[in-house]
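Undergrad: Give me a 3D structure for the following:
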Amino acid sequence: MVDIIAALICGVLTGMGVGSGGLFMIYLLLVQDLPQLTAQGLNLLFFLFSAGASLPVNIKARRPSFFPLLCLCLFGAVGSLIGTSLGALIDGAVLKKLFGALIAFSGAVGLFSRKRG
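TA: Residues are numbered from 1 along each chain as shown. Below you'll find the model as predicted:
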């Protein structure tokens, strides 16, 4: 039950633009103490359902161009397969540190970059 409540809170915060799926990853890694690859897989499922729920609204509001969207989906799928294969070869402790560095870098860029336009 606690996991469901945590996922709902993370989903609401993600919907409000706070933290993306990184919040759920932090919960899975620090509170649930899951292995890095398991947490990443669950976070991917979390993201897919969140993105799928918002897709009809975004299509109606923005009317995206479908060819670039299709290209992004295809390259994203290929990239995720490559990333999964590489992740399986890297030790879990190293992968956890790399992911932490990525999250810290992403947060710093978001915090210190100036908005243009």
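Undergrad: Report the contact partners of Gly15.
TA: Taking Cβ atoms under 8 Å, 6 or more residues apart in numbering as the criterion, Gly15 is in contact with 50, 54. The C-beta positions use only the backbone N, C-alpha and C, and glycine is treated the same way.
Undergrad: Swap in 10 Å and give it another go.
TA: Taking Cβ atoms under 10 Å, 6 or more residues apart in numbering as the criterion, Gly15 is in contact with 50, 53-54.
Undergrad: Keep only those of those residues that are in helices.
TA: Among the contacts of Gly15, the residues falling in helices (DSSP state H) are 50, 53-54.
Undergrad: Most neighbours among those, which one?
TA: Among those, the one with the most neighbours (other Cβ atoms under 10 Å) is Ser50, at 17 neighbours.
Undergrad: so how far is Leu98 from that residue?
TA: Applying Cβ to Cβ, to the nearest Å, the value for Ser50 to Leu98 is 24 Å.
Undergrad: Report pLDDT for Lys78.
TA: One correction, residue 78 is Val, not Lys. We have a pLDDT of 93 for Val78.
Undergrad: Run a quick check on Ala6 versus Gln32, I expect a contact.
TA: Yes. Using Cβ atoms under 10 Å, Ala6 makes contact with Gln32 at a distance of 8.7 Å.
Undergrad: Can you tell me the element Val12 falls in?
TA: Here Val12, judged by DSSP states H and E, is contained in helix 2-15.
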